[in-house]
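J.: structure for this input, please:
(one chain, ligands or ions: 1)
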Amino acid sequence: MNPQIFSQFIQETFKTKELIPLHEPVFNGNEKQYIEETIDSTFVSSVGPFVNRFEEAITRFLKVKKSIALVNGTAGLHVCLKVIGVKESDEVLTQALSFVATSNAIAYCGAKPVYIDVDLDTMGMSPKHLKTFLENYGEIRENGTYNKKTKKKISACVPMHTFGFMSRIDEIIKICDLWKIPVIEDAAEALGSCFKKQSAGSFGRMSVFSFNGNKIITAGGGGIICTNNVQFAEKAKFLSTTAKDPHKWEYFHSDLGFNYRMPNLNAALVLAQLEMFNNILESKKSLFLTYNDYFKGKNLLVKPPKETTWNYWLMSIRLSNLEERNEFLYQTNNLKIMTRPIWKLLCRLPMYSNCQRDDQKNARFLEERIVNIPSSARI
Ligand SMILES: *Cc1c(COP(=O)(O)O)cnc(C)c1O
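T.: Now for the predicted structure:
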């Protein structure tokens, strides 16, 4: 794999010699019109019609019961964990191969992440390793499952759909059901992905998507919680709007809430983006097919797992070792082609270095080899 020849191919594909970002948004729908409408209406903040319209559109798209739009995906994860009942000094099963936000949200609750290895093909939590961990350390008591080693309660499980690839979410949920552990899907990267025709974010008790600037559609900054449980939805909305009890004028807050609601201005942008979603998906698919052609017969391009639909969010290649990876990153970035390694395992970060984990063999293998390549839609 020659990084220089690859860079030339990228410059030809994206028709520029300027900086080529990893993932940039495209705005060629109703974005400007909707934002102008919010300004003209003066309803730019967290009350306004675009917030409701966006929530309803996502609810319909995913075929879930309720959606609650928030300021970002991290806030969404934080609220889900609170609603599910994660308490201070509890533990939450998750993956070390993820963006830092997944573990941060757990830590914001005063809980501790426990890292389960991933599968090589999905790059998401491995049901096999999850089962082994629970058989080794889990102990079912009356009010939930406890960790035999630390004596702490395991109060949730948060798998993540890496780069929009579906994790083995059905098996993960089956195992967690046996152990009475609620599953929250970190679907931040997976809007539009499906497992056997069912949407990412519709499997867990609750799920979260992100609409940050680098995600498949953007609100500038934003996130959404989805759930089929109406009570969870009400609780999530309550907590994210400062936990204020409804009243015509009194300020009474009956719990410690958060100011996490999505502003109407951001909802206007992301609703316009959602209207263009099919075009964005088409364009990203065609880029993937272009890569597929380029890498034909080379076994470098990472392909989505079987029986799943992928949203083509972030494309990646799997190089043969750390040295080759580092050389590739150095050469391509030098030529203003943005390429990035997959995340450093979260158990290597100072805040999470003392968290319990299994051997992380697959996660370490991927950590040394996976590199993301430019993946923007070109409309
Ligand atoms: C982007 C992302 C988040 C957080 O979303 P923000 O909107 O940036 O707060 C959480 N988890 C994963 C896996 C993500 O990629």
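J.: the stretch 51-200 of the chain: helices as residue ranges?
T.: Counting by DSSP state H, counting those that start in this stretch, the stretch 51-200 of the chain has helices at residues 73-84, 100-108, 127-137, 169-178.
J.: which residue does the stretch 51-200 of the chain bring closest to the ligand?
T.: residue 73 (2.6 Å; CB to the nearest ligand atom). Any C-beta I mention is one placed from the backbone N, CA and C, and that applies to glycine too.
J.: surely that residue meets residue 207?
T.: No - using CB atoms under 8 Å, residue 73 makes no contact with residue 207, being 10.5 Å away.
J.: and these two? Which one has more around it.
T.: In terms of neighbours (other CB atoms under 10 Å), residue 207 is the more surrounded of residue 73 and residue 207; the figures are 31 against 27.
J.: what does the model give that one for pLDDT?
T.: We have a pLDDT of 98 for residue 207.
J.: pick the most buried one from the helices of the stretch 51-200 of the chain.
T.: helix 73-84 (a mean of 27; mean count of other CB atoms under 10 Å).
J.: what is the orientation angle of that one with helix 100-108?
T.: If you take axes from the mean of the first three to the mean of the last three CA atoms, to 10 degrees, helix 73-84 sits at 40 degrees to helix 100-108.
J.: show me what helix 73-84 is in contact with.
T.: Contact with helix 73-84 is made by 68, 70, 92, 101-102, 104-106, 108-109, 111, 155-156, 158, 182, 184, 186, 188, 205-212, 222-225, 232, 235-236, 239-240, 258, 260, as judged by CB atoms under 8 Å, 6 or more residues apart in numbering.
J.: and the ligand, which of those reach it?
T.: 101, 102, 186, 188, 210, 212, 223 (CB under 6 Å from any ligand atom).
J.: out of those residues, which one sits closest to residue 321?
T.: Nearest to residue 321 out of those is residue 102 (CB to CB; 26.8 Å).
J.: let me see the contact set for the closest one.
T.: Residue 102 touches 77, 94, 95, 113, 158, 160, 186, 346, counting by CB under 8 Å, 6+ apart.
J.: cool, and residue 113?
T.: Here residue 113 is in contact with 91, 92, 93, 94, 96, 102, 103, 106, 107, 346, 352, 355 (CB under 8 Å, 6+ apart).
J.: between those, which is closest to residue 24?
T.: Nearest member of those to residue 24, counting by CB to CB, is residue 102, at 23.7 Å.
J.: count the residues that sit near the closest residue to that closest one other than its chain neighbours.
T.: With sequence-adjacent residues excluded and distances taken as CB to CB, 6 or more residues apart in numbering, residue 102 is closest to residue 186, at 5.1 Å. For residue 186, the count of nearby residues is 32 (other CB under 10 Å).
J.: with the one 10 residues further on instead?
T.: The burial count assigned to residue 196 is 9, neighbours taken as other CB under 10 Å.
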